[in-house]
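Chemist: missing the sequence, but the structure's below:
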């Protein structure tokens, strides 16, 4: 590989999502709809960057080449994108902070940073794109100094084998950097989480990320061929075999390790040729149960859709109301009425990706199935809008917040037979939790990842912000706790695609069991005997 | 689930493969061919069962309900099906032996057996179908008494959910017992290793088995939903989530654990409806490189074949020569000659499984591709013979041995770009190793499992037996060592489908690295602090 210059992508907005030159204000129709459901938004002034920087104390680490101890760098690496992160930044409760930020460009430079941190008695928080929504980046002060290791400069395509379809890439590469470098060779990775613009290959690996088209390309655990790590005790290469029966698959310990085993510096991944065609079809069903049954039928028939999403009635209605294309939506509602779909439909979105022949067949087979299941196909126009905005939805959070509304998403995966009950329990928990504050919740959900045995359930909740930090946090903690308990009670995983971090750590033992937690602890202790890697994440306390 | 009676399957032949009422003697043409290549076979009398039993010493364990301390039970549980196991049994070098055999029928009974063994200071060797070819069942005498835990009575279908397509089954169920119970409900698991008749669900899980139709149904790691284990420290439930980003996937530590973490007592697996149609098509290519290229093209095009095998020229020739259908084979050779395929073709076998429409399309798409690649389709007659004998090939080993020939198989998986070089290196290593004894090897190979990035390479070696135990073992050790080193040098996994056991343990560190071995050891020590579970397997010594 030639020494190409790669773009380094970092989020410009210090206290919200994304590029601060791009604003997505709430459309007037959307604001009116939310106010009708939730009441008038609570708008408060935000903390300023200058004031936030002024809160950053003196670093506990000595000056060292490559350690950025500036207040702004340390502030910008102190948070991710969880609700708690947002509330802290917007209200000016911004600490604690890392004591230094390092940006190593290679595996060897990362080794040197980790060794320096160890010698200084510091703990290390690996930092990819800063997009965690569950507190992976939170600085938990236990007396030790903290180094944030920002991987964004380690983003180069290192090797690409078109014959074996494997590419090795610096783990700090964000989604667009991964795809741009592969596309130059005619390939894609095909991993598209909503955080795609900023989240990184290494971050995807250690949080077991799932992209929007996981049905075609696989979750990150299916895409990962091998990972190279810098761990406190030693370097560690995991995987690298095409398929093997030689003992436990150690990639699967790296996947989901959330920075606690070490830092992933490079990853080899399975790549695919750029698809000839791609389209996204919208199909409306009378209600969620009908759409869910069709989704299960499509999945279990093995139809090779690249994506399958089903919005429940509340999500479908909300999307139609806040979309802003009023006349087009009115026409759509009339058409659905004529076709016998009622007022509260559920929308399915079907991805068809592949060669001309494959997508033609898939379209025919899948739409025949949805038609038999009572679905009404309305073409690809809505799908084009979805695809255009597939990563822009995260910007809506800025607009909601500025209008005085908070938003969070909570998600799980369950067997097909538990999907409806789990979705209802999650929504109900959200309503009850906010009702205790005399507030209302707008809670809607979709399934967006399908498997032979079941699907994901992804719920969005919008509610009014409170008058201060304590109120905002109290409402959110009640909401998050109630929904998490509902998920666990229904037997769902505490996270299908966001990871554990600090927010889900209290629920992990329900899923892994005490023996399982013991196994994870034993693995962490083996490669990180001093517990210097991202402590308090994944497993809360080394009790 | 009602309390159905399940059949318990155990191998009847004490010193060879399978049912002793079924013999597969070597056809005369096959014997003549082998003699022409290797010289006259070395026929020796076998040790008798009575004499072998007489070698079994007094048990070191006290009598206990459920502990069978009889000589024959202990002899029958002292070995698997590796070359070393065969040589020991046939030559009468049959020890050491387990001190007792237990056959628990349930999870709780297995817990009780393990607790009793621990109290007695004994080690435990879990025993499924006794089909290991790499020494998983070998008794390594380190002074502690040994209990063999035979799981074959724990074979019931415990639960089946047709909606979520998950079945929970006792881990001692052998292939036919698994499939018969599922088929009664219209489902299959679809896991068909050659050892299918005897190998068990639990054995498949702990050795990361791959079935002949892994391309359709997945390897056992793809089929496993959850596993329940009895471990020395505690019980352990692994997995059970549809898909999850909540930390490391602990199923992947159970998969490949080879009895060292504990005993798998129950497993929940993903099941599929019985397929409407199935056929296996034979296509001949001029040579191995042409067939290999076509196999890669089929796989990377994503054509949903249920199986793809390519025999190299030597294997194709050998199969045609020993098949015994001389006139049909002569006709086939003439036909291939007319179609421009030369004298040393390579045969591809393609599995088409699914609905009528799916198999029709697959056949059309795949055969169009093979035709463009120069392949000549000869229909499904050879495929029908293959399917009929798919599990009977193991019996040929009895016939070869009786005719004075030894046989072993060695296998790996590598990226497509390394397939030919690895295959050649393995064959060459076999020839060189036996040449040192002034003996010749018949070595041929196929690929039988395909992945986006590469394929398996499976080599069969036939050579003449020696005049005594020491000679047989010396030849085999030289052969096994040379081929294993060739695999490691080529970067292949030390096993794609047989596991590690004792025979591959010396090569595991090349693949996992020291850090990886450390992680595996840490996991074992966590659930089995005294090292009582199947010691010396997977990782040879706790150095």
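Modeler: Ah, there it is. Because the structure is a prediction, the values reported are computed rather than measured. Numbers count the residues shown, from 1 in each chain, chains lettered A, B, ... in the order given.

Chemist: how about the residues of the stretch 301-450 of chain A near chain B?
Modeler: A:302, A:304, A:354, A:358, A:361, A:413, A:414, A:415, A:416, A:417, A:449 (CB under 8 Å from any CB of the partner chain). C-betas here are computed from N, CA, C, even on glycine.

Chemist: which of those residues are buried?
Modeler: Taking 16 or more other CB atoms under 10 Å in any protein chain shown as the criterion, what is buried in those is A:304, A:354, A:358, A:361, A:413, A:414, A:415, A:416, A:417, A:449.

Chemist: how about stretch A:411-427: buried residues?
Modeler: A:411-419, A:422-427.

Chemist: just the ones of these in strands?
Modeler: A:411, A:412, A:413, A:414, A:415 (DSSP state E).

Chemist: how about JSON lines for the residues you listed, with pLDDT added?
Modeler: Converted to JSON lines, these look like this (pLDDT from 0 to 100):
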{"residue": "A:411", "pLDDT": "98"}
{"residue": "A:412", "pLDDT": "98"}
{"residue": "A:413", "pLDDT": "98"}
{"residue": "A:414", "pLDDT": "98"}
{"residue": "A:415", "pLDDT": "98"}
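
Chemist: what about the most far-flung residue of chain A relative to its centre, distance to residue A:328?
Modeler: Most distant residue from the mean C-alpha position of chain A: residue A:338, 38.3 Å away (CA atoms, centre = their mean). Residue A:338 sits 16 Å away from residue A:328, taking CB to CB, to the nearest Å as the criterion.

Chemist: try residue A:268
Modeler: From residue A:268 to residue A:328 the distance is 45 Å (CB to CB).

Chemist: looking at those two, which is more packed in?
Modeler: Taking neighbours as other CB atoms under 10 Å in any protein chain shown, residue A:268 and residue A:328 compare with residue A:268 leading, 24 against 14.

Chemist: tell me the secondary structure for residue A:112?
Modeler: Under DSSP: H, G, I helix; E, B strand; the rest coil, residue A:112 falls in the helix class.

Chemist: and it, what pLDDT?
Modeler: Per-residue confidence (pLDDT) for residue A:112: 98.

Chemist: cool, residue A:213 as well?
Modeler: Residue A:213 is given a pLDDT of 97.

Chemist: residue A:2 now?
Modeler: Predicted confidence (pLDDT) for residue A:2: 44.

Chemist: and residue A:20, by the same measure?
Modeler: Predicted confidence (pLDDT) for residue A:20: 85.

Chemist: nearest spatial neighbour of residue A:85, chain-adjacent residues omitted?
Modeler: residue A:79 (3.9 Å; CB to CB, 6 or more residues apart in numbering or on different chains).

Chemist: go ahead and confirm the one you found touches residue A:130.
Modeler: Yes: the criterion here is CB atoms under 8 Å, and residue A:79 meets it with residue A:130 at 7.5 Å.

Chemist: which neighbours do those two have in common?
Modeler: Shared contacts of residue A:79 and residue A:130 (CB atoms under 8 Å, 6 or more residues apart in numbering or on different chains): residue A:137.

Chemist: got the contact list for stretch A:286-300?
Modeler: Residues contacting stretch A:286-300 (CB under 8 Å, 6+ apart): A:215, A:283, A:285, A:305, A:308, A:310, A:312-313, A:340-342, A:344-348, A:350, A:366, A:369-370, A:373-375, A:416, A:419-420, A:423, A:447, A:450-452, A:455, B:163, B:165.

Chemist: what about 7 Å?
Modeler: For stretch A:286-300, the external contacting residues (CB atoms under 7 Å, 6 or more residues apart in numbering or on different chains) are A:285, A:305, A:308, A:310, A:312-313, A:341-342, A:344-346, A:348, A:366, A:369-370, A:373-375, A:416, A:419-420, A:447, A:450, A:452, A:455, B:165.

Chemist: and the residues you listed, which are buried?
Modeler: Of the contacts of stretch A:286-300, these count as buried by 16+ other CB under 10 Å: A:285, A:305, A:308, A:310, A:312-313, A:341, A:345-346, A:348, A:366, A:369-370, A:373-375, A:416, A:419, A:447, A:450, A:452, A:455, B:165.

Chemist: tell me which of these fall in helices.
Modeler: A:313, A:366, A:369, A:370, A:419 (DSSP state H).

Chemist: list the contacts of the last one.
Modeler: Spelled out, it's residue A:419. Applying CB under 7 Å, 6+ apart, the residues near residue A:419 are A:292, A:447, A:454, A:455, A:457.

Chemist: and if you look at the fourth one?
Modeler: Counting by CB under 7 Å, 6+ apart, residue A:370 touches A:283, A:294, A:348, A:377.

Chemist: do the first one as well
Modeler: Counting by CB under 7 Å, 6+ apart, residue A:313 makes contact with A:287, A:288, A:344, A:345, A:346.

Chemist: just the residues you listed now: which is nearest chain B?
Modeler: residue A:288 (16.5 Å; CB to the nearest CB).

Chemist: burial of the closest one, as a residue count?
Modeler: 25.

Chemist: quick one: low-confidence ranges for the stretch 401-543 of chain A?
Modeler: Applying pLDDT under 70 to the stretch 401-543 of chain A flags the ranges A:542-543.

Chemist: does residue A:271 really touch residue A:165, like I thought?
Modeler: Yes: contact criterion CB atoms under 7 Å: residue A:271 and residue A:165 qualify, at 5.2 Å.

Chemist: neighbour-wise, which of the contacts of residue A:370 leads?
Modeler: residue A:348 (28 neighbours).

Chemist: what about it, distance to chain B?
Modeler: With distances taken as CB to the nearest CB, to the nearest Å, residue A:348 is found 19 Å from chain B.

Chemist: run through the bridge partners of that residue.
Modeler: With DSSP bridges as the criterion, residue A:348 is bridged to residue A:283, residue A:310.

Chemist: residues contacting it?
Modeler: By CB under 7 Å, 6+ apart, the neighbours of residue A:348 are A:283, A:285, A:291, A:294, A:295, A:309, A:310, A:370, A:375.

Chemist: circling back: could you tell me whether the residue nearest to residue A:85 really is in a helix?
Modeler: No: per three-state DSSP, residue A:79 lies outside any helix segment and is coil.

Chemist: what about it, neighbour count?
Modeler: 22.

Chemist: that one reaches residue A:86, doesn't it?
Modeler: No: with contacts counted by CB under 7 Å, residue A:79 stays clear of residue A:86, the gap being 8.1 Å.

Chemist: tell me where the stretch 251-400 of chain A has helices.
Modeler: A:251-254, A:288-300, A:313-322, A:326-338, A:356-372, A:381-388, A:396-402 (DSSP state H, counting those that start in this stretch).

Chemist: please identify which of those is closest to residue A:188.
Modeler: helix A:381-388 (14.4 Å; CB to CB).

Chemist: show me what the closest one is in contact with.
Modeler: Contacts for helix A:381-388 (CB under 7 Å, 6+ apart): A:279, A:280, A:281, A:282, A:349.

Chemist: how far away is the first one from residue A:212?
Modeler: In this structure, residue A:279 and residue A:212 are separated by 14 Å, where distance is defined by CB to CB.

Chemist: and for the fourth one?
Modeler: Residue A:282 sits 15 Å away from residue A:212 when distances are taken as CB to CB.

Chemist: higher neighbour count, these two?
Modeler: Each of residue A:282 and residue A:212 has its neighbours counted (other CB under 10 Å); residue A:212 has more, 25 against 22.
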